[in-house]
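Participant: this one's sequence-less:
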C-alpha cells in the first residue's frame, strides 16, 4: 500500500507524463503544418518523445504501487528536467520564465521522490527488494 508522499510523487510524475504527451501533440502539429526542416528527423523525435512520455507514465504507476524502480526512474527524470531548465536559462535565447516553470516542479518532484524512498523504508512493513 503506497503511502501519502509516494501517492503525491506519483501524481506529479503523472502530470509530467501528460506534459510530455502535450509536447508530442505540439510536435505533430508542427510536422503537419510543415514547420520542420527535416520531416524524417521530426518523426523520429516524435517517436522518442512518445516513448519518454510512456516511460514517465510507467514511473508514475510504479511509484504509486510502491516499486523502487519507479522512484529511481522518477529521480532520473527530475534531474533531466532540471538539466533542460538550466539550458533554458542560459545562452543567447535564455528564458527565465520557462526555466522556472520547468525547475520548480522538478525540484519538488525530486524532494518528494527522495522522501517517498525514505518513507518506503520506514514503518512496520519490511522493505521490498526488486
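Facilitator: Thanks, I have it. The structure displayed is predicted, hence computed values, not measured ones.
Participant: Tell me which other helices or strands the longest helix along the chain touches.
Facilitator: Secondary structure assigned by DSSP state H gives helix 4-32 as the longest helix of the chain. Contact here means 3 or more Cβ pairs under 8 Å, 6 or more residues apart in numbering; DSSP states H and E; on that basis helix 4-32 packs against helix 39-64, helix 68-89, helix 96-120. Quick note: C-beta positions are derived from backbone N, CA and C, even for glycine.
Participant: Now do the first one: which elements does it pack against?
Facilitator: Judged by 3+ Cβ pairs under 8 Å, 6+ apart, helix 39-64 is in contact with helix 4-32, helix 68-89.
Participant: angle of the shortest one against helix 39-64?
Facilitator: By that I understand helix 68-89. Between helix 68-89 and helix 39-64, the angle comes out at 130 degrees (axes from the mean of the first three to the mean of the last three Cα atoms, to 10 degrees).
Participant: Now do helix 68-89 and helix 4-32, the angle between them.
Facilitator: 50 degrees.
Participant: still on that earlier bit, nearest to residue 60, of the helices and strands packed on helix 39-64?
Facilitator: The minimum distance between residue 60 and those falls on helix 4-32, with 3.6 Å, by Cβ to Cβ.
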